[in-house]
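Engineer: sequence and predicted structure, then a few things I'm wondering about:
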Amino acid sequence: MIVETKNLSFQYGTETEGRHLLSGIDFNMETGEWVALMGASGTGKSTFLNLIGGNLSPTTGTISVHKTFITNLGDNDRQDFKRTHIGFIFQDFRLLPSLTVMENVMLPLLPYGDRKKLMNREEKWIDRVGLSHRANHLPSRLSGGEQQRAAIARALLIEPTLLLCDEPTGNLDTANRDGILELLDGLKKEVGMSILTVTHDPEVAAYADRVLYLQNGHFIDRR
């Protein structure tokens with residue numbers, strides 16, 4: 001089991017005037033599984049992803065990732081855990097415009113690791129996503145698909161046990177979307193990577209082993 005939640009709830013605002021997005025969710029995800037989260041905008045899909053990733057704290061309940069209860073960790077220990085176990089991919093790439101692909105990929109781990117070892121690992125993942133010929137280019141010289149591949153290489157630099165993707169193809173055309181999906185599918189099959197994806201796109205959800213729909217604070221399993 002890579003992810004498990006018990007009685008997970010999240011509320012914005014005060015107890016009396018707040019809004020419940022998630023209500024008592026029990027969720028399990030197997031190691032090596034790809035799960036897609038779908039539902040209307042504003043239902044809490046990205047909130048759920050950020051709870052699993054340790055970016056938000058739940059109102060109630062527990063979250064276990066890779067057999068570690070991240071809800072019991074202090075801020076520093078949680079950051080350390082995220083940095084070594086969880087990779088994030090976002091819709092908007094989040095590349096720094098003044099840094100090259102190589103520098104963007106390495107930046108999150110530079111304060112924590114040996115630079116030479118990081119460079120070897122960085123070269124491996126930049127090659128894996130097909131950007132070796134673009135390693136010294138700035139993001140402005142890349143297509144949207146290439147920018148997302150750079151963002152994926154950055155997420156994979158830690159070689160995470162869990163990859164969290166928030167609308168990873170939302171800003172891409174069909175051809176680039178399909179290329180990114182094939183890349184993620186290859187990682188799942190080749191290295192057994194666990195992938196949790198938020199998406200509105202049925203074509204993205206089609207790659208998942210399981211699709212959950214978030215409605216009224218609860219998940220509905222339709223496959």
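Structural biologist: Perfect, I can see it now.

Engineer: drop to CA atoms for contacts and neighbour counts, all remaining ones
Structural biologist: OK.

Engineer: how near is Asn127 to Asn104?
Structural biologist: In this structure residue 127 is Asp, not Asn. Separation of Asp127 from Asn104 (CA to CA, to the nearest Å): 15 Å.

Engineer: these two: who's more crowded?
Structural biologist: The neighbour count for Asp127 versus Asn104, taken as other CA atoms under 10 Å, is higher for Asn104 (21 against 15).

Engineer: just how off-centre is the longest helix seen in the chain within its chain?
Structural biologist: Scanning the chain for the longest helix, with DSSP state H as the assignment, gives helix 174-191. How far helix 174-191 lies from its chain's middle: 14 Å, per CA atoms, centre = their mean, to the nearest Å.

Engineer: same deal with stretch 171-181?
Structural biologist: Worked out by CA atoms, centre = their mean, stretch 171-181 lies 17 Å from the chain centre.

Engineer: any stretches of the protein with poor pLDDT?
Structural biologist: Applying pLDDT under 70 to the chain picks out residues 13-19, 111, 113, 222-223.

Engineer: let's check: the centremost residue of it is which one?
Structural biologist: For the chain, the residue nearest the mean C-alpha position is Leu164 (1.7 Å; CA atoms, centre = their mean).

Engineer: that one contacts Gly53, correct?
Structural biologist: Yes: between Leu164 and Gly53 there is a contact at 7.3 Å, judged by CA atoms under 8 Å.

Engineer: what residues do these two have in common as contacts?
Structural biologist: Ile86 (CA atoms under 8 Å, 6 or more residues apart in numbering).

Engineer: show me where this structure has strands.
Structural biologist: 3-12, 19-29, 34-38, 60-65, 68-69, 86-90, 162-166, 194-198, 210-215, 218-221 (DSSP state E).

Engineer: could you dump the ones you listed into CSV with distance to Arg115 added?
Structural biologist: CSV is the format used below for the strands of the chain (distance: least, CA to CA, whole Å):
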stretch, distance to Arg115
strand 3-12, 31
strand 19-29, 34
strand 34-38, 32
strand 60-65, 28
strand 68-69, 28
strand 86-90, 20
strand 162-166, 23
strand 194-198, 27
strand 210-215, 39
strand 218-221, 43
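
Engineer: for the ones you listed, which one sits closest to Lys117?
Structural biologist: Smallest distance to Lys117 across those (CA to CA): 18.6 Å, for strand 86-90.

Engineer: which elements pack onto the closest one?
Structural biologist: With contacts defined as 3 or more CA pairs under 8 Å, 6 or more residues apart in numbering; DSSP states H and E, strand 86-90 has these neighbours: helix 144-156, strand 162-166.
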